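*Asks:* Here is my input, please return the structure:
(2 chains)
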Amino acid sequence: MNTAQLWTDTLYLLPEIIIALTGLLALVWDFISPESVKKSRLALFSLFGIMLAAVFCFMQAGLDKQIFSNLLAVDYFAVVYKIILLVTAGMVILMSMNYLKVQDTQRGEYYVLILFSTLGMMVMAAATNFISMYLGLELTAISCYILCGFMIKDKASNESAIKYFILGLFASAILVYGISLIYGVCGSLNFSQIQQALSRPGGNSGVVLLTGMVMLIVGFGFKMAVVPFHMWMPDVYEGAPTPVTAFMSIGPKVACFAVALRFFPIAAYALRVQWGFIFAILAAITITLANFHALRQESVKRMLAYSGISHVGYALIGLVATTVDRQIGLMSVIVYFLVYFTANVGAFGVIVLLCQKGRMGEKFDDFKGLGKRSPFAAMLMTIFMLSLLGIPPTGGFLAKVWVFAAAVKADYMWLAVIGVINAIISAYYYLRVTVMMYMHDPEEQSSLSFTPALAVALYIMAFFTLYMGVFPGSFFELAKKSVIALL
Amino acid sequence: MQLSGISIYIPILFFIVFSGIVAKLMLSLGRIWRPQNQYSEKTSPYECGMEPEGEAWERVVPRYYIYAMLFLAFDVEALFLFVWAIVFDRIGMFAFIEMILFIAILLVGLFYAWAKGALDWRY
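*Replies:* Below you'll find the predicted structure:
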């Protein structure tokens, strides 16, 4: 490889470089500035970096290149996923500014870790090689371990960090072992070369290859919290600071799905019968079990954790559908995540709004009478809940329709039926929040921590949730372009 | 017999199973034949010396841990530097700048640890 090529490849990495630089500068700024300097400036600086990176990301739309000898791809798919991740990071920072002040854990490392974690996810979204994928995965995971335990004096937060750390390492080990077995059979870590190796006659069978594939699915299942490997998630999500929970409920999952969408339907297409079967079973039990757990929760945060698990199950239905029709299946997953991320970030934002000193505001009871205390916040929460549930004027409806349509088209009728039944069951716990807000009287007249930053984040998320439901055309176009780049 | 593929590991499997059986056998034979006379001194952790006091689950100062982590970071840096130095004449300017960036990023980490007081050993 010649050096000139490396220089130009570096230019394509500009969004990632900007995020890394912002993180490093924020870190330096944090330790050279005196204590009296407000940490909110650091947050604004991080936001600025994220916006700059997003602008450069937009400029990359339409490119289709492989850089650094096929380690990373710069294509429409990567751009869409990076934008989702950057917007999530930006919203989370907006949500955190007041939260950290209220919880009295204002330290600059918070923003630095969010930025580094975002960097890792961006690398994952672009990865076309297991090495770069794993690099991104670990950068994401290690930052998230620390973010979980960010409230040092809070026991639940510490428990969450330790649990996530130990189980996350375990999952990584399984994942890497699976990768090594696949490398042993295919002779390459590169997705396109794996694809060639698997499509050779007789290349798609063998105990070692299948073991590797299963381990890969288990590893991804852990990171995405698919049901038999989901045990860590509710505890981790409950203990972590609420904005971090919002971040983790989107970021790592979306990034893992980006890798899964690049790997399974494209590189491992020759093995579609095997992974299609495994994912179909996983999707069915994920949705059902997560739903039944969510029904019994008393904490909205924990309920949203379980609902997040079930949403991953719905997205898996789309992945299963790619075994028959790749374009429809992939598009349905991308649209599903576009919709899920807006509603989920918004819902966590409302929990942040309710949080006060010494009271986390995450129980169902805390939502009592929110319709009277703050009609606007209650309205926004209702929009997010309806979208997560999948009621027509919101984006959630279209996303679910697409996923189920893809499943029906791929002859997975039973999966679609399970999905629809579970969507109906989920109405109970989503609407329970609405019932609490509008049909109960407020228990106490305490003020809400409605800051401009949080309000902006909530408005943007609510706007997009509704916009995607009413004018879905441009988002389908987005999904279609990114799938074409992939195929 | 010619072994190929994954079956070349079969001897290792035999070895694991056999060594397990031998170890179990020796221990059980010892348990059957050895003289049995237990008394309280014999079961204490240190047969001669101090009586142990307090709980075994105590707080341990993890100060050394931070040093170990810093050491690890720079150890890995040295590892990368070594590989880079061997092929330096062939990979040129780009790799040189990359390595400077790598070291600069690590230096930020060192300064961070320094500023946060990880380097002063307080008792």
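
*Asks:* Show me how chain B divides into domains.
*Replies:* B:1-34, B:63-115 (automatic domain parsing).

*Asks:* want to try JSON lines for those, with distance to A:P252 as columns?
*Replies:* Placement of C-beta: from N, CA and C, glycine included. Formatted as JSON lines, the domains of chain B follow (distance: least, Cβ to Cβ, whole Å):
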{"stretch": "domain B:1-34", "distance to A:P252": "34"}
{"stretch": "domain B:63-115", "distance to A:P252": "23"}
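
*Asks:* what's the nearest residue to the residue of the stretch 1-150 of chain A found nearest chain B if we skip its chain neighbours?
*Replies:* Residue nearest to chain B within the stretch 1-150 of chain A (Cβ to the nearest Cβ): A:F31, separated by 3.9 Å. Leaving out its chain neighbours, the residue that sits closest to A:F31 by Cβ to Cβ, 6 or more residues apart in numbering or on different chains is B:A115, at 3.9 Å.

*Asks:* again, but for B:I66
*Replies:* B:A118 (4.8 Å).

*Asks:* Go ahead and list the helix or strand containing that neighbour.
*Replies:* Taking DSSP states H and E as the definition, one finds B:A118 inside no helix or strand.

*Asks:* What's the per-residue pLDDT of it here?
*Replies:* What the model reports as pLDDT for B:A118 is 77.

*Asks:* Please verify my assumption that it contacts B:A73.
*Replies:* No - judged on Cβ atoms under 8 Å, B:A118 makes no contact with B:A73 at a distance of 11.5 Å.

*Asks:* ok, and the residue of the stretch 1-150 of chain A closest to chain B, which helix or strand is that part of?
*Replies:* Under the assignment here (DSSP H and E), A:F31 is part of helix A:14-32.

*Asks:* can you give me the angle the top helix by length along chain B makes with helix A:14-32?
*Replies:* As assigned by DSSP state H, the longest helix anywhere in chain B is helix B:88-115. For helix B:88-115 against helix A:14-32, the angle by axes from the mean of the first three to the mean of the last three Cα atoms, to 10 degrees is 40 degrees.

*Asks:* picking that back up, how about the domains of chain B, which one is nearest A:A4?
*Replies:* A:A4 lies closest, by Cβ to Cβ, to one member of those: domain B:63-115, at 9.1 Å.

*Asks:* Report the distance from that closest one to the chain centre.
*Replies:* Mean-position distance between domain B:63-115 and its chain equals 22 Å (Cα atoms, centre = their mean, to the nearest Å).

*Asks:* cool, and stretch A:310-317?
*Replies:* Distance of stretch A:310-317 from the chain centroid (Cα atoms, centre = their mean) equals 12 Å.

*Asks:* quick revisit: can whatever helix or strand comes next after the helix holding A:F31 be said to contact chain B?
*Replies:* On the C-terminal side of helix A:14-32, the nearest following helix or strand under DSSP H and E is helix A:39-59. No - judged by Cβ under 8 Å from any Cβ of the partner chain, helix A:39-59 stays clear of chain B, getting no closer than 14.2 Å.

*Asks:* Quick one: mean pLDDT over helix A:39-59.
*Replies:* Helix A:39-59 carries an average pLDDT of 90.

*Asks:* packing partners for it?
*Replies:* helix A:14-32, helix A:76-103, helix A:109-126 (3 or more Cβ pairs under 8 Å, 6 or more residues apart in numbering or on different chains; DSSP states H and E).

*Asks:* what's the second one packed up against?
*Replies:* Spelled out, it's helix A:76-103. helix A:39-59, helix A:109-126, helix A:242-262, helix A:326-354, helix A:452-470, helix A:473-486.

*Asks:* so which of those helices comes closest to B:D89?
*Replies:* Minimum separation from B:D89 across those (Cβ to Cβ) falls at helix A:109-126, 30.1 Å.

*Asks:* Is any residue of the closest one near chain B?
*Replies:* No - contact of helix A:109-126 with chain B (Cβ under 8 Å from any Cβ) is absent, the minimum separation being 9.0 Å.

*Asks:* Let me know the angle separating the following helix or strand past that helix from helix A:242-262.
*Replies:* Of the helices and strands lying after helix A:109-126 in sequence (DSSP H and E), the nearest is helix A:130-148. On the basis of the same axes, to 10 degrees, helix A:130-148 is oriented at 170 degrees to helix A:242-262.

*Asks:* So what's the gap between helix A:130-148 and the chain middle?
*Replies:* 13 Å.

*Asks:* now that helix against helix A:76-103, angle please.
*Replies:* Note on geometry: by the same axes, to 10 degrees, helix A:130-148 and helix A:76-103 are set 20 degrees apart in direction.

*Asks:* Against which helices or strands is helix A:130-148 packed?
*Replies:* So helix A:130-148, by 3+ Cβ pairs under 8 Å, 6+ apart, packs with helix A:109-126, helix A:155-186, helix A:242-262.

*Asks:* who in the stretch 201-350 of chain A is up against chain B?
*Replies:* Counting by Cβ under 8 Å from any Cβ, the stretch 201-350 of chain A sits next to chain B at A:207-208.
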